[in-house]
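> following is a predicted model, sequence given first.
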Amino acid sequence: MIALLDTNVLIRFLTLDKGKKYKRLYHFFEALEHGKMRVELKLIVLFQVIFVLKSFYKVPKKHIANGLADILKYKGITIKDKKIVQRTLELWRDKNVEIVDCYLIACLEKDAQNILYSYDRDFDKFNVNRKEP
């Protein structure tokens, strides 16, 4: 059986939505933190959470990055390529670079021979082998 985590659940938790559902939500994330439950967080959901928190809730990106990095440490939350996602959040928090670009950088920086085809010269500031098509 697979259990997935949706955007709205993360948004409610990260914004401390104290509505009627918060007590159950708190216990849910407490169970995830200690590994009593397991869910998978899809990358697309993570990016949507970032977009919603940044654009709608106007949460500063450092708070978003730190909050998501903390949640990724929960024993019950799995995400593919967790180290790449953690590095993505770190880059996004510390640099003036869009989140998708940070993800591409994180994917490529372990092997400088990998190639990124892009016209964006900002990638040249990182350990990325950028080429224009």
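Good, I have the coordinates.

> could you report the neighbour count for Ala65?
By the criterion of other CB atoms under 10 Å, Ala65 has 21 neighbours. In short, each C-beta sits where N, CA and C put it, glycine included.

> can you give me the strands for the protein?
39-40, 77-78, 115-117, 129-131 (DSSP state E).

> got these as TSV, with mean pLDDT columns?
Shown next, in TSV, are the strands of the chain (pLDDT from 0 to 100):
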stretch	mean pLDDT
strand 39-40	98
strand 77-78	96
strand 115-117	95
strand 129-131	93
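
> dump the ones you listed to CSV, plus distance to Lys54.
As requested, the strands of the chain are exported to CSV (distance: least, CB to CB, whole Å):
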stretch, distance to Lys54
strand 39-40, 23
strand 77-78, 21
strand 115-117, 24
strand 129-131, 26
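
> to Lys23, which of these lies closest?
Of all the strands of the chain, it is strand 39-40 that lies closest to Lys23, at 18.8 Å by CB to CB.

> helices and strands around the closest one, which ones?
strand 77-78 (3 or more CB pairs under 8 Å, 6 or more residues apart in numbering; DSSP states H and E).

> what's near enough to touch the residue nearest to Ala69 when sequence neighbours are not counted?
Leaving aside its chain neighbours, Ala69 sits nearest to Leu89 (5.0 Å; criterion: CB to CB, 6 or more residues apart in numbering). For Leu89, the contact set (CB atoms under 8 Å, 6 or more residues apart in numbering) comprises Ala65, Leu68, Ala69, Leu72, Cys102.

> over to Lys131?
With the criterion set at CB under 8 Å, 6+ apart, Lys131 makes contact with Ile115, Leu116, Tyr117, Ser118.

> buried ones among the residues you listed?
Leu116, Ser118 (16 or more other CB atoms under 10 Å).

> can you tell me which of the contacts of Lys131 comes closest to Ile84?
Using CB to CB, those come closest to Ile84 at Leu116, 14.2 Å.
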